[in-house]
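Asks: Got a predicted structure here, sequence first:
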Amino acid sequence: MSDKKIQLVPLGGLGEFGMNSMAIRYGDDIIVVDAGMMFPDAELLGVDIVIPDFSFLEHTRQPVRALLLTHAHVDHIGAVPFLLSEINVPVYSTAFTLALVERRLEEHGLLDKAVLNRVKPGQKVEIGPFSIEFIHVTHSIVSSMALAITTPLGVIIHTGDSTVDPTPTDNELFDLHTLAEYGKRGVLLLLSDSTNVDRPGYTESERAVRPRLEDIFYRAERRLVISCFSSSIHRLQQILDISADYGRKVAFLGRSMMNVTEIAHTLGLLTIPDGILLRPQDIMQMEPSKVVVVASGTQGEPMSALSRIAVDNHKNLSVHPGDTVVLSARIIPGNEKGIYRMINHFAKRGAEMVYGSMNPPVHVSGHGSAEELKLVLNLVRPRYFLPVHGEYRQLAKHASLAQHLRGAGLEETFVLETGETLEVDTHGARRGGKVAVGRVCIDSGTIDEVVEDIVIRDRRHLSEDGFVLPIIAISKHSGKNETLPEIVSRGFMSFEDGSDLLQQSRQVVAKTLESSSEEERSDWGVMQEKIRADLKRFLNKETQRRPLIMPVILEV
């Protein structure tokens, strides 16, 4: 046995939803599992996406050997271009996952430099001291995998995101047999998805959606508009199959929907019946009862295809009274307001809306519920257990779910948050020290558009208290201000001409200028700071508010 230790460093995804990324170090070698992103909270004003801070990987002296991707959802692959722009490491995953990664790398101009290695379920790869076997699991996106990582100290199983679907639509079953084999031989550590731990019982099979879809097709007398996640290839296959049964043609709308269906079809993961596809520009010419439109935008994203259709601003489709609109996706917490606003727009157009919980369901989750998580625990029977992927309450509940294995092989369970490490050696497992991790905010989705904390602080300041611009005109010849300063304000309060506060503010700025020495007046940087300080003190005293004050000095 080696005297070296395994160190697990969660870079994201523990104690939060999204940004899933885990660094695993043994000796002088590191591998990274997933590099995901998350969408920002409301307080991150103007930020488009949030990614993990990968500076731990950049500054470590040990080489990063590889990036392993479990599946192609953006909370697992969204930060790949940002990681590869800092550290160009080989990437391993399935053909479908890497095809979606390629599109992202192409957008960022990184595709030519990237080293992408396609693997298949059941395949083993040797990377430094690690031997990795890729294990097929069922999830709401095709080609999802768990990882069995063999190290000199023992086996680490990482389930990725998964649900134990006994009847998947593609008949590719969750490879429980391989998990059980590892369990028999002995597993050092299990990392398991905690997303649905608070749901009792089992997650319904993807096939459970078909009866509801068939009922919708049977009842719909006019045009059908169905929205689902573009990555839900199994759902898209069912829609295509039922459309063929009912003699309807199918049109895809939305960039992500077009991209993913094209990739899935090329790789043989999506079967498109002959003659069923309809060009978007031909939708309105077809008999409404013969058309199904599949659009992206389930979460009410402002510029998505579905949102534009809802406000009658899509060039290829207008919804008319009697049309049926189906949201075949869950409402992600935090998106409710935008989604219900979109639903209201459709209702105003006279469309019949189908969404939410119903039986049979119009959507099923891709994450295992409590009984499935227990099943995985019982098959793997790890020595140590680390719940991953979820908020703290879910990680803690998943940890308590494993307590029945105490005395049956499980020695300890650890609940960690991003940045807290776990160390395992021949003497056992324990919490390690904290590492400097965090999040990086990105504007416009480009690598060079990182938003500093101070920028977000200023945006929040502006959103709460507005800004005030004192504008001072100084004579080039005399160095004196020719007239009283002008005051421009936005988002603070209404500075009406003649208002006492406006006049008093102008006098405050004028007094600051008059009381300054000639030397100070010649240094505009000094004058801006003096004006800012005096006006800030006055406005805070008068209004109890702190607007952002930005003096502008013009030379005339």
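Replies: Ah, there it is. Residues are numbered from 1 along each chain as shown.
Asks: Give me the phi and psi for residue 27.
Replies: Main-chain torsions, residue 27, degrees, to the nearest 10: phi 60, psi -120.
Asks: Not counting residues beside it along the chain, what's closest to it?
Replies: residue 4 (4.3 Å; CB to CB, 6 or more residues apart in numbering). C-betas here are computed from N, CA, C, even on glycine.
Asks: quick one: contacts for that neighbour?
Replies: 26, 27, 152, 153, 425 (CB atoms under 8 Å, 6 or more residues apart in numbering).
Asks: So which of those residues is surrounded by the most neighbours?
Replies: residue 26 (23 neighbours; other CB atoms under 10 Å).
Asks: and which of the contacts of residue 4 is nearest residue 8?
Replies: residue 26 (10.2 Å; CB to CB).
Asks: Going by residue numbers, what spans are strands in the stretch 151-300 of the chain?
Replies: 154-158, 187-193, 224-227, 249-253, 291-295 (DSSP state E, counting those that start in this stretch).
Asks: Tell me how far stretch 358-375 lies from the chain's centre.
Replies: 21 Å (CA atoms, centre = their mean, to the nearest Å).
Asks: which parts of stretch 359-373 are buried?
Replies: Within stretch 359-373, the residues scored as buried using 16 or more other CB atoms under 10 Å are 362, 363, 364, 365, 366, 367, 368, 369, 370, 372, 373.
Asks: would you list those residues in JSON lines and tack on distance to residue 515?
Replies: Formatted as JSON lines, the buried residues of stretch 359-373 follow (distance: CB to CB, whole Å):
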{"residue": "362", "distance to residue 515": "70"}
{"residue": "363", "distance to residue 515": "68"}
{"residue": "364", "distance to residue 515": "71"}
{"residue": "365", "distance to residue 515": "67"}
{"residue": "366", "distance to residue 515": "67"}
{"residue": "367", "distance to residue 515": "66"}
{"residue": "368", "distance to residue 515": "71"}
{"residue": "369", "distance to residue 515": "71"}
{"residue": "370", "distance to residue 515": "71"}
{"residue": "372", "distance to residue 515": "73"}
{"residue": "373", "distance to residue 515": "70"}
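Asks: how long is stretch 327-340 end to end?
Replies: Distance across stretch 327-340, first residue to last, is 11 Å (CA to CA, to the nearest Å).
Asks: Now do the buried residues in that stretch.
Replies: By neighbour count on 16+ other CB under 10 Å, the buried set for stretch 327-340 is 327, 328, 329, 330, 331, 338, 339.
Asks: out of those, which are inside helices?
Replies: 338, 339 (DSSP state H).
Asks: out of the buried residues of stretch 327-340, what pair is the most spread apart?
Replies: Pairwise over these, using CB to CB, the maximum falls at 328 and 338, 17.4 Å.
Asks: and which of the buried residues of stretch 327-340 is nearest residue 19?
Replies: Among the buried residues of stretch 327-340, and counting by CB to CB, the member closest to residue 19 is residue 330, at 19.4 Å.
Asks: shouldn't the closest one be in contact with residue 361?
Replies: No. Between residue 330 and residue 361 there is no contact under CB atoms under 8 Å: 10.0 Å.
Asks: hang on, the earlier thing: please convert the buried residues of stretch 327-340 to CSV, extending it with pLDDT and distance to residue 297.
Replies: Output for those, formatted as CSV (pLDDT from 0 to 100; distance: CB to CB, whole Å):
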residue, pLDDT, distance to residue 297
327, 96, 10
328, 95, 12
329, 93, 10
330, 87, 14
331, 84, 13
338, 87, 10
339, 92, 10
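Asks: Which one of the buried residues of stretch 327-340 is nearest to residue 13?
Replies: residue 330 (18.9 Å).
Asks: can you give me the strands in the stretch 351-500 of the chain?
Replies: Along the stretch 351-500 of the chain, counting by DSSP E, counting those that start in this stretch, strands occupy 352-354, 382-388, 412-413, 420-425, 428-434, 439-442, 450-451, 467-474, 486-490.
Asks: winner for burial among those?
Replies: Each of the strands of the stretch 351-500 of the chain was scored by mean neighbour count; the highest is strand 382-388, a mean of 25, by mean count of other CB atoms under 10 Å.
Asks: now for that one, which elements pack on it?
Replies: strand 154-158, strand 187-193, helix 392-401, strand 412-413 (3 or more CB pairs under 8 Å, 6 or more residues apart in numbering; DSSP states H and E).
Asks: Strand partners (parallel or antiparallel) of that strand?
Replies: strand 187-193 (parallel), strand 412-413 (parallel) (DSSP bridges).
Asks: So what's the gap between that strand and the chain middle?
Replies: Worked out by CA atoms, centre = their mean, strand 382-388 lies 25 Å from the chain centre.
Asks: Just the C-alphas of that strand, formatted as CSV.
Replies: Only the C-alpha atoms of strand 382-388 are listed here, as CSV (Å, rounded to 0.1, in the frame of the first residue of the first chain):
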residue,chain,number,x,y,z
PRO,A,382,-18.8,2.0,0.2
ARG,A,383,-16.4,2.3,3.1
TYR,A,384,-16.8,6.1,3.0
PHE,A,385,-19.7,8.1,1.5
LEU,A,386,-19.7,11.7,0.1
PRO,A,387,-23.1,13.1,-1.1
VAL,A,388,-22.6,15.5,-4.0
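Asks: Can you give me the distance of the residue nearest to residue 27 to residue 429?
Replies: Going from residue 4 to residue 429 by CB to CB, to the nearest Å gives 14 Å.
Asks: Please apply the same query to residue 517.
Replies: Distance of residue 517 to residue 429, given as CB to CB: 67 Å.
Asks: hang on, the earlier thing: secondary structure element holding the residue nearest to residue 27?
Replies: Under DSSP states H and E, no helix or strand contains residue 4.
Asks: Check the spacing between it and residue 68 real quick.
Replies: With CB to CB as the criterion, residue 4 and residue 68 are 20 Å apart.
Asks: And residue 408, by the same measure?
Replies: 29 Å.
Asks: buried stuff in stretch 250-264?
Replies: So stretch 250-264, judged by 16+ other CB under 10 Å, has buried residues 250, 251, 252, 253, 254, 256, 257, 259, 260, 261, 263, 264.
Asks: what pLDDT does the fifth one get?
Replies: Meaning residue 254. Looking at residue 254, its pLDDT is 92.
Asks: Surely it and residue 303 touch.
Replies: No. Using CB under 8 Å, residue 254 is not in contact with residue 303; the gap is 10.1 Å.
Asks: Have a look at the chain and report the helix or strand with the lowest mean pLDDT.
Replies: strand 450-451 (a mean of 57; mean pLDDT, DSSP states H and E).
Asks: Just want to check the distance between residue 310 and residue 533.
Replies: Taken as CB to CB, the span from residue 310 to residue 533 is 49 Å.
Asks: Buried residues in stretch 48-59, which are they?
Replies: Buried residues in stretch 48-59 (16+ other CB under 10 Å): 48, 49, 50, 51, 52, 53, 54, 56, 57.
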